[in-house]
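S.K.: Give me a 3D structure for the following:
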Amino acid sequence: QVQLVESGGGLVQAGGSLRLSCAASGRTFSSYAMGWFRQAPGKEREFVAARSRSIGTTYYGESVKGRFTISRDNAKNAVSLQMNSLKPEDTAVYYCAAGPVMAKTRGVYDSWGQGTQVTVSS
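M.R.: A predicted model of the protein is given here:
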């Protein structure tokens, strides 16, 4: 497994932007597919975005397509989530996750960060 630490959350007005970062420990970061999930109070954890082990393929949840971008830097053992045009419904705790393959299903991922809070005010 890999250790993950998220950062970059905060409070932003609707229409604004935030960039979340996830730092990974270990020398095998490039062998993991990376994902972002979020969980709002009283709701299940929801898929947001994922990126394959190589730098090419990405998946996005329907609610964030066109607004969020996931990127990774294997040399820095890091993955980021650029969030633009934020909406109040994007408010949630955002989690970084690592797994053997890219997927929209949380069960595929076997390493999780502690989460970072994103709050979007209207």
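S.K.: Strands of this structure, start to end?
M.R.: Using DSSP state E, the strands of the chain run over 4-7, 10-13, 18-24, 33-39, 46-51, 58-60, 68-73, 78-83, 92-99, 111-112, 116-121.
S.K.: from the middle of its chain, how far away would the last one be?
M.R.: Computed by CA atoms, centre = their mean, to the nearest Å, the chain-centroid distance of strand 116-121 equals 13 Å.
S.K.: Just list what it packs against, helices and strands only.
M.R.: Packing contacts for strand 116-121, counted by 3 or more CB pairs under 8 Å, 6 or more residues apart in numbering; DSSP states H and E, involve strand 10-13, strand 18-24, strand 92-99. For glycine as for every other residue, the C-beta is placed from the backbone atoms N, C-alpha and C.
S.K.: and the angle for it with strand 33-39?
M.R.: Between strand 116-121 and strand 33-39, the angle comes out at 50 degrees (axes from the mean of the first three to the mean of the last three CA atoms, to 10 degrees).
S.K.: So what touches strand 116-121?
M.R.: Applying CB atoms under 8 Å, 6 or more residues apart in numbering, the contact partners of strand 116-121 are 6-14, 16, 18, 20, 38, 83, 86-94.
S.K.: 10 Å instead, please
M.R.: Strand 116-121 is contacted from outside by 5-16, 18, 20-22, 38, 40, 81, 83, 86-96, using CB atoms under 10 Å, 6 or more residues apart in numbering.
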